[in-house]
Each structure stands twice: as C-alpha cells, then as structure tokens.
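Novice: sequence first, then the predicted structure, then my questions.
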Amino acid sequence: MKTFTLAFFLVVFALGINHPSVSQQKTILINNVEIFNGKDPNTIKGNVLIEGNTIKKISSSPIPTNKSANVQIIDGKGKFLMPGLIDAHYHAMFSNLSQIALLTGNIGFVNLVAGKNAEALLMKGFTSIRDLGGPVFGLKQAIDAGVVSGPRIWPSGAFISQTGGHGDFRLPNDVPSDASNGLSYAERINAAAIADSPDAVRLKAREQLMLGASQIKLMAGGGVSSIYDPLDVTQYTEAEIRAAVEAAENWGTYVTVHAYTPRAIQQAIRAGVKCIDHGQLIDEETVKMMVDNNVYWSLQPFIDEGDKGVLSPESRAKQLEMYQGTDLAFELAKKYKIKIAYGTDVLFDAQKAAQPGVQLLKMKRWFSNVEILQMATGNNGELLALSGKRSPYTGKLGVIEEGALADILLIDGNLIQNLELINEPEKNILMVMKDGKIFKNISP
C-alpha cells in the first residue's frame with residue numbers, strides 16, 4: 001500500500017509540474033515594427049500576429065483581428081522587432097558563483113542564485129540557452145512550470161569526463177577511488193560524471209538522457225579552469241567517445257565535446273560527434289575535416305581581458321595560451337564559411353554573467369552587426385534543432401516567421417545599425433516575449 005501511495009504521489013506531482021493548467025489562448029497583435037527575421041540581412045516593416053505561443057501571421061498590410069478582451073494590440077511605433085537571443089554555450093548553475101562556492105556550498109543556495117540569474121538573463125533578451133554542463137534539471141523544471149522566470153533550457157546534465165579530465169572536480173585526496181569511497185560531491189549533485197571505459201561512458205550518457213538531457217556533453221580535451229589537465233591533453237579514446245555517440249543517437253540526439261586542439265577535435269569527429277565547442281587551437285586541416293563531416297562549431301569570443309584573479313596561476317597560463325588561437329580560429333571559420341554557434345561559456349564570474357551584451361559585442365572584432373545577430377538567433381536556433389525529438393520544446397526558434405515559436409524582442413533602436421544598444425538592456429529592450437507570454441513590456 002505504501003509503494004502504491006508513493007508511486008501515485010510521484011505521478012500526480014510530475015503531471016502537476018510538467019502540465020500546469022492552461023488558460024484560454026491569448027492573441028497579441030504587434031503593429032508597425034521593423035522586423036529582423038533572424039536570417040535575412042534586410043529588415044521589413046510590418047505587423048506580427050501571435051496566437052497562443054506561435055507566430056500566426058506576418059504582413060506589411062494591416063492584420064484584422066477580433067477586438068475582444070482576449071486580443072492585446074501593441075503599437076510598435078516603428079521599433080526594431082527580432083527573435084529572442086540564444087546562448088549556445090551556457091552554464092546556468094556555474095556562471096555566477098566562484099568554483100569553490102559551487103563545490104562547497106549548499107545546492108539549495110546554488111539553485112536560488114541560478115534562478116535569480118536566469119530571470120535577469122531573460123530580461124536582457126536571452127530567451128533560450130543550451131546548457132553544456134551542470135545540475136540544471138531542477139532549474140529548468142522550475143522555469144517551465146512558471147515557478148521562476150528564465151530562458152528555455154536545452155540541458156546536458158552532468159559533464160561526462162575521464163579521470164583527471166576537464167570535468168573532474170575531485171580533490172587529490174579523493175584518489176585512488178573505489179566503491180567504498182562513494183561518489184564525490186560534484187557527482188552526487190549531478191554536476192559531473194566520471195567514466196573511464198566505453199561501458200562506463202555509455203552508462204553515464206544513458207543516465208543523463210534518462211534525466212532529460214537534450215544532448216550529451218563530453219570532455220574531449222584539456223581545459224583552462226580544471227585542476228589536473230594541461231591544455232594539450234587529449235581526453236578519452238575514440239571508442240569511449242563513440243559509446244556516448246551511440247547512446248545519444250539511439251535517443252535521436254547528439255554529442256558535443258569540449259576540445260581545443262586538432263588531435264582532440266579530429267578524434268571526436270571520427271567518433272561521430274556533431275558539434276565542437278571551443279576549438280581555439282585548431283588548424284586548417286581540422287577545419288576542413290569539420291566541413292567534410294558537417295560538424296557544428298560553437299566558438300566563443302575568448303580574448304584577453306587582463307588577469308582578474310579568478311583563476312590560479314596555472315589556469316591563467318593555460319588561458320593565455322588558448323587566447324592566442326582565437327583570432328585564427330575565427331579567420332578559419334570565416335574562410336570555410338562554417339556556421340558559427342554563438343555562446344559565452346561564462347564560468348564562475350558574476351560580473352560577466354551580469355553583462356551578456358558585453359560578450360555579444362566582442363564578436364564585432366570579426367563580424368558585422370547583422371552577422372552577429374544571425375549567429376545569436378537563426379544559426380543558434382538551427383543548432384538547438386539538432387536535438388530532434390529530444391528537444392524539450394516543440395517548434396522552431398531563432399526566427400520571426402509564420403509557424404515559429406513566439407520568442408520575440410522589441411528594441412528601442414536598430415541593432416543592425418547600432419549593436420551597442422544591447423549593452424543597456426534595461427533601457428533599450430522594450431519588450432521580452434517568450435512562448436507567446438510577455439515578461440517585460442515598456443511602452444515604446
């Protein structure tokens with residue numbers, strides 16, 4: 001009887017969280033706006049009709065509507081309308097707190113800080129993120145249920161890492177490990193998953209998929225902020241990476257990897273991964289391999305900003321080495337016309353997390369304003385769609401087009417002409433809409 005009661009409670013709880021009651025669909029008509037659709041460099045002047053959570057009609061002519069109480073009409077007054085911004089490499093649980101606070105703090109506190117940051121991120125125009133590592137499933141559930149406000153989240157769940165890899169947060173006195181030691185704190189909260197054989201990697205990938213991962217994140221090479229691994233280290237074997245790829249493909253989704261060097265990237269591509277994150281130390285041969293295998297490139301604008309004392313001297317040295325490859329990586333991406341997925345990868349830095357517009361503006365070093373906006377909307381929307389049926393949200397994102405999901409921003413000024421406006425979101429982002437719901441609305 002107790003077992004049945006618990007099972008019944010769990011089912012009811014799950015249904016209540018994942019399927020909140022839905023009120024009558026609202027119709028919103030936004031008139032007189034300059035529309036950037038997320039793909040085309042030229043804007044059009046027109047009107048946009050939203051029914052429920054979907055863009056129903058776009059027209060340069062007036063759109064007739066039923067003037068009922070369930071219709072909201074917004075006069076855009078010629079302002080700039082665009083898709084919600086997408087960050088393709090985010091860590092919702094790791095962005096605001098220091099590494100030591102994350103590894104020693106109470107997970108309840110960490111969740112509350114992450115929830116506050118998620119709400120701020122949405123208000124600054126980011127309506128979707130691809131979360132590439134961290135115990136984010138609870139935050140995603142709370143956002144989807146309306147408990148807190150925040151962007152849509154495509155979660156990876158725990159980093160999957162080899163021993164001594166970029167996702168190994170254990171202290172040296174936790175080694176050697178054995179069954180009697182139990183899991184480390186990072187493993188217990190599902191921040192990281194340590195696996196050291198094809199079978200172990202397969203198991204950890206399946207566990208994240210079971211928990212709701214929309215894609216799998218694997219650490220395939222050395223990292224800046226990790227303790228044990230030099231930057232040039234190649235992590236995992238091809239067989240181990242392929243085990244994760246097979247597990248993901250069986251679920252209709254894909255694996256993305258953290259990797260900087262040609263050796264690490266090439267091994268990952270041979271194993272079947274569909275996305276490379278970072279790649280700052282890449283060479284031309286490896287870029288050609290990415291093109292030949294239709295691999296996405298999530299490339300971050302990592303440039304030297306000076307030593308802020310956040311990193312250890314060892315990690316700072318690795319960071320400087322990585323920075324040296326950023327310009328060449330972007331040049332090669334442009335040369336071979338690879339679609340770049342824009343992402344920030346902000347880690348352990350509350351100041352950076354509070355200024356997502358600053359990170360976007362760094363892309364002006366290599367690209368025009370419209371190219372940057374295309375990356376952070378349409379291009380990133382295509383990458384999110386790579387999750388297929390494992391995508392947590394049904395519908396097209398990153399574009400303003402009929403049938404797409406209504407994730408929309410209204411900006412006081414043309415970002416194609418002046419991208420710097422994004423750096424003052426409190427003043428210049430007049431409206432934030434996600435899933436057809438308005439979260440911010442300042443009269444134009």
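Specialist: Now that the structure is in, tell me what you want to look at.

Novice: parallel or antiparallel, list what pairs with the helix or strand encompassing Leu410.
Specialist: Under the assignment given by DSSP states H and E, the secondary-structure element containing Leu410 is strand 408-411. Strands adjacent to strand 408-411 in the sheet, as given by DSSP bridges, are strand 71-83 (antiparallel), strand 429-434 (antiparallel).

Novice: select, out of those, the one closest to Met322.
Specialist: Relative to Met322, the nearest member of the strands paired with strand 408-411 by Cβ to Cβ is strand 71-83, separated by 30.6 Å. For every residue, glycine as well, the C-beta is placed using N, CA and C.

Novice: between the helix or strand that the closest one is followed by and strand 429-434, how big is the angle?
Specialist: The first helix or strand that comes after strand 71-83 along the chain, using DSSP H and E, is strand 85-90. Here strand 85-90 runs at 60 degrees with respect to strand 429-434, directions being taken by axes from the mean of the first three to the mean of the last three Cα atoms, to 10 degrees.

Novice: show me the helices in the stretch 1-150 of the chain, by range?
Specialist: Along the stretch 1-150 of the chain, the segments classed as helices by DSSP state H, counting those that start in this stretch run 2-18, 99-104, 107-123, 137-144.

Novice: confidence-wise, which of those helices is weakest overall?
Specialist: By mean pLDDT, the lowest-scoring of those turns out to be helix 2-18, with a mean of 44.

Novice: coming back round to it: of the strands paired with strand 408-411, which approaches Asn173 most closely?
Specialist: Among the strands paired with strand 408-411, strand 429-434 comes nearest to Asn173, with 45.0 Å by Cβ to Cβ.

Novice: pLDDT of that closest one, averaged?
Specialist: Averaged over strand 429-434, pLDDT sits at 98.

Novice: render the CA-only coordinates of the strand holding Leu410 in CSV, please.
Specialist: Extracted C-alpha coordinates of strand 408-411, given in CSV (Å, rounded to 0.1, in the frame of the first residue of the first chain):
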residue,chain,number,x,y,z
ILE,A,408,10.4,38.0,-29.5
LEU,A,409,12.2,41.2,-28.5
LEU,A,410,11.2,44.7,-29.2
ILE,A,411,14.2,47.1,-29.2
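
Novice: need the winner for burial among the strands paired with strand 408-411.
Specialist: The highest average neighbour count among the strands paired with strand 408-411, using mean count of other Cβ atoms under 10 Å, belongs to strand 429-434 at a mean of 23.

Novice: that one to helix 137-144, inter-axis angle?
Specialist: Computed by the same axes, to 10 degrees, the angle between strand 429-434 and helix 137-144 is 110 degrees.

Novice: what is the next helix or strand after strand 429-434 packed up against?
Specialist: Secondary structure here is assigned by DSSP H and E; on that basis, the next helix or strand after strand 429-434 toward the C-terminus is strand 437-441. Judged by 3 or more Cβ pairs under 8 Å, 6 or more residues apart in numbering; DSSP states H and E, the packing partners of strand 437-441 are helix 107-123, strand 429-434.
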